[in-house]
Each structure stands twice: as C-alpha cells, then as structure tokens.
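In: dropping a prediction and its sequence here:
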Amino acid sequence: MAGENDDDIAFTLERWFDAPRDLVWKVYTNAEHLSHWWGPPNFTWVKGTMDLKPGGMFHYGMRGPNGQIMWGKFVYHEIAAPERLVFVNAFSDENGATTPNPWMPDWPLETLNTVTFTEENGRTLISMRGLPVNPTEAQRQMFKGAKPQMQAGFKGTLDKLADYLAQQQAK
C-alpha cells in the first residue's frame, strides 16, 4: 500500500461547504446523489452502483465531451459515518475490473484515498488525501507532477457538489 512517509507525493485538498455534515455525507455516499455532482463539469453521468461497506464498491461511468465513456471505481476499506471514508480508487472497465489510465500510461493503477468530514457551526470541511498504491518510480513522479491538474479537476467537481448541496437545502 501507500507508505506513511509519502508526504512529498501525497495529494491533499480541503474545502468548506455551507451544509451540515450529515447532508454532505449523504450526498457523498449515495449513488443517486453522486449521479448529480460527481465528475468533471463537462462530463455526464452514464451509470453508477454503490455497495457502501468495507470491501464494497462504487462503480460509475461518465461520458466525456468527446463522447468517450470513462469508467471508474472506489473499493471501500473503512467507513466511519459521517466522519471518514477510506477507499482505493482506480479506472475500470464497465464490469468493474481495474484498468490503466486511458490517457496517461505512467499513472498509478490505484490510489488510496482518505476523506474526512468535519462540521463546525453548520458548515462542513471535506479534507482529502490521496497516495498511489505500490507505485513505480515513474508513477510516483507522474502523480507528484500532476498535483496542480488534480487540484483544478477537483475544484470543478467540488463546485458541482456545492451547487448540488445548495439545491438539496432549498428543498
């Protein structure tokens, strides 16, 4: 797995949301809710299933702007509702088998992610930390060098989450 002393390559991100933690947890751990916000802004949801338990999987497909369908998955290792999720994510095929990144051959096959949810005064902080699992040196360097692009990509996804949370609270 990822090493404990990999701070030099760890991808970290924090963002506050104007919503209570229970709601943020709910929309982060339910495939129907995820279908409305997960993924880059210019991708559309195709399909998703979720089995939220240790060893269970969130498997999803999204159509990119060029029409290509991208599949991905999270395999859950730890679930401590509503505080913490630990999962390994990877690209996959439509049946859920792990596949290499279709655009970057030196991308790590799997990434261990820890996501925490902290509430303060009715707002929720999502903190994310990702590390490649058993990377080659080339994969370590690719992951480390891609942090700015990952920050930008997650910004778009988390902007969609913020909008979706506002819609949910308006109901």
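Out: Done, it's in. Numbers count the residues shown, from 1 in each chain.

In: what about residue 160, which SS state?
Out: Following DSSP: H, G, I helix; E, B strand; the rest coil, we place residue 160 in the helix state.

In: which element is the nearest residue to it once chain neighbours are set aside on?
Out: Nearest non-adjacent residue to residue 160, counting by C-beta to C-beta, 6 or more residues apart in numbering: residue 37, 4.2 Å away. To be clear about C-beta, it is placed using only N, CA and C from the backbone, and glycine gets the same treatment. For residue 37, there is no helix or strand it lies in under DSSP states H and E.

In: mind listing the strands the strand ranked longest in the chain pairs with, and their directions?
Out: The residue-count maximum for a strand in the chain (DSSP state E) belongs to strand 69-80. Strand pairing for strand 69-80, determined by DSSP bridges: strand 57-63 (antiparallel), strand 84-92 (antiparallel).

In: need the residues that contact the shortest one.
Out: Here strand 57-63 makes contact (C-beta atoms under 8 Å, 6 or more residues apart in numbering) with 31, 34, 38-40, 43-52, 69-76, 87, 92, 94, 96.

In: just the buried ones from the residues you listed?
Out: 31, 34, 38-39, 43, 45, 48, 50, 52, 70-76, 87, 92 (16 or more other C-beta atoms under 10 Å).
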